[in-house]
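A.B. asks: Sequence plus predicted model, see below.
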Amino acid sequence: MRLAIPGVEILDQTLLPRREEWLRLETVSAMREAIAELRVRGAPLLGICGAAGMALAGEERGTGEADLRTAAEELAATRPTAVELSWGVQAALEAALAGPDDPGARRGRLWRFAGAHMERRAREDLALGRYGAGLLTPGAGVLTHCNTGALATGGIGTALGVIRVAHREGRLGHCYATETRPLLQGARLTAWELARAGIPASLLPDTAAAALIASGRVQAVITGADRIAMNGDSANKIGTYGLAVVAARHEVPFYIAAPRTTIDPECGSGKQIPIEFRAAGEVGGFGNQRWSPEGLGAYNPAVDVTPGELISAIITEAGVARGPYYQSLPELLAQP
Ligand code: MRU
């Protein structure tokens with residue numbers, strides 16, 4: 001994401017890795033379309049998109065409080081699970097309303113907030129990456145799921161940021177990346193990032209993950225999160241729960257890596273996390289290609305919830321939390 005005032009530019013992730021195409025967005029509805037179609041995606045980047053979307057609202061619709069509040073509701077409702085999106089929108093709204101109500105001043109505060117939030121993400125990714133890499137045994141095989149890299153945060157990434165730092169420090173043995181059906185964030189996006197970074201890696205079908213873990217090649221599983229409840233239950237890309245169950249079965253540590261803004265103080269347990277369901281067509285085909293009969297239904301949740309008891313640690317920019325999470329997460333959130 002690049003701020004190009006009075007618009008923003010995004011790398012269209014639906015076209016990767018075949019084409020690198022930047023799109024210019026100038027309206028709230030264009031930003032909502034980009035989020036809904038996963039042109040931009042990944043919880044931390046969605047937070048940035050929420051903040052930038054509010055800056056677009058200020059340009060397009062004016063800076064009156066009622067208009068900004070309406071735009072905030074529309075943007076936050078675009079994808080339900082990633083709490084960062086509504087966090088970014090809300091924080092930007094508060095920044096806009098926190099000073100003089102002169103339109104130019106409000107627009108300035110919205111753009112400055114979006115820029116500062118992007119810088120914060122990059123800074124926090126680095127800190128998180130260092131904490132996470134410190135948990136890995138030298139030469140570890142690390143399995144990750146979905147895409148949690150630069151494409152998902154604008155910085156070095158969360159789980160993939162840990163893998164990048166471990167590689168730089170010479171601690172990483174090998175990275176295993178799931179393809180991540182149905183939209184192939186692993187096969188298209190994580191594989192693209194790993195290849196560009198020169199990290200030794202193998203791609204696997206999601207269905208091979210249990211056999212891979214059972215083979216003893218994996219010493220840690222690390223994923224990101226879309227929302228973390230106060231008891232540690234963590235929502236993330238569909239398939240994450242299965243990875244955590246298999247990791248526990250084979251006594252392999254399972255880590256969640258996410259900024260503290262992914263922890264939702266309003267959410268006591270995973271049961272309260274809204275689950276995003278997506279269109280059947282995403283399972284029965286890809287892009288313009290169809291391989292299942294038209295009209296067939298599908299069970300297509302975008303996320304699942306991993307119970308906190310299966311999570312060995314939650315890695316953040318402010319340190320590492322371990323269970324019981326109802327004690328460690330409030331402590332983590334209370335830190336400056
Ligand atoms: O549907 P997506 O591609 O937005 O899903 C992304 C994930 O599940 C990520 O693991 C999560 O958002 C964290 S990204 C650092």
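C.D. replies: Received the coordinates, thanks.
A.B. asks: Just the buried residues of stretch 218-234, please?
C.D. replies: Residues 218-234 are the ones in stretch 218-234 that count as buried (16 or more other C-beta atoms under 10 Å). Glycine gets a C-beta too; all of them are placed from N, C-alpha and C.
A.B. asks: How about stretch 123-136?
C.D. replies: By 16+ other C-beta under 10 Å, the buried positions in stretch 123-136 come out as 124, 125, 127, 128, 129, 130, 131, 132, 133, 135, 136.
A.B. asks: contact partners of that stretch?
C.D. replies: The contact list for stretch 123-136 (C-beta atoms under 8 Å, 6 or more residues apart in numbering) reads 44, 142, 153, 155-159, 161-162, 164-166, 169, 171-172, 219-220, 222, 253, 255, 257-259, 313, 315-320.
A.B. asks: Contact partners for residue 166?
C.D. replies: 132, 133, 136, 140, 142, 172.
A.B. asks: Next: residue 139.
C.D. replies: When contacts are counted by C-beta under 8 Å, 6+ apart, residue 139 is found next to 171, 172, 173.
A.B. asks: Now for these, which sits with the most neighbours around it?
C.D. replies: Counting neighbours by other C-beta atoms under 10 Å, residue 172 leads the contacts of residue 139 with 23 neighbours.
A.B. asks: If I look at it, what pLDDT would I see?
C.D. replies: Per-residue pLDDT puts residue 172 at 98.
A.B. asks: Would you quantify the distance from the residue lying closest to residue 100 once chain neighbours are set aside to residue 167?
C.D. replies: Leaving out its chain neighbours, the residue that sits closest to residue 100 by C-beta to C-beta, 6 or more residues apart in numbering is residue 106, at 7.8 Å. Noted for residue 106: a distance of 43 Å to residue 167, by C-beta to C-beta, to the nearest Å.
A.B. asks: what packs against the helix or strand that residue 52 is a member of?
C.D. replies: Element membership of residue 52, judged by DSSP states H and E, is helix 43-61. Counting contacts by 3 or more C-beta pairs under 8 Å, 6 or more residues apart in numbering; DSSP states H and E, helix 43-61 packs against strand 7-11, helix 28-36, helix 65-76, helix 83-97, helix 103-133, helix 150-153.
A.B. asks: Buried residues, that helix. List them.
C.D. replies: For helix 43-61, by 16+ other C-beta under 10 Å, it's 43-60.
A.B. asks: mind listing what residue 224 touches?
C.D. replies: Taking C-beta under 8 Å, 6+ apart, we find residue 224 in contact with 42, 43, 146, 148, 152, 158, 159, 236, 237, 256, 257, 258.
A.B. asks: was I right about the last one contacting residue 228?
C.D. replies: Translated: residue 258. Yes: with contacts counted by C-beta atoms under 8 Å, residue 258 reaches residue 228, the gap being 6.3 Å.
A.B. asks: Give me the common contacts of these two.
C.D. replies: Residues touching both residue 258 and residue 228 by C-beta under 8 Å, 6+ apart: 234, 314.
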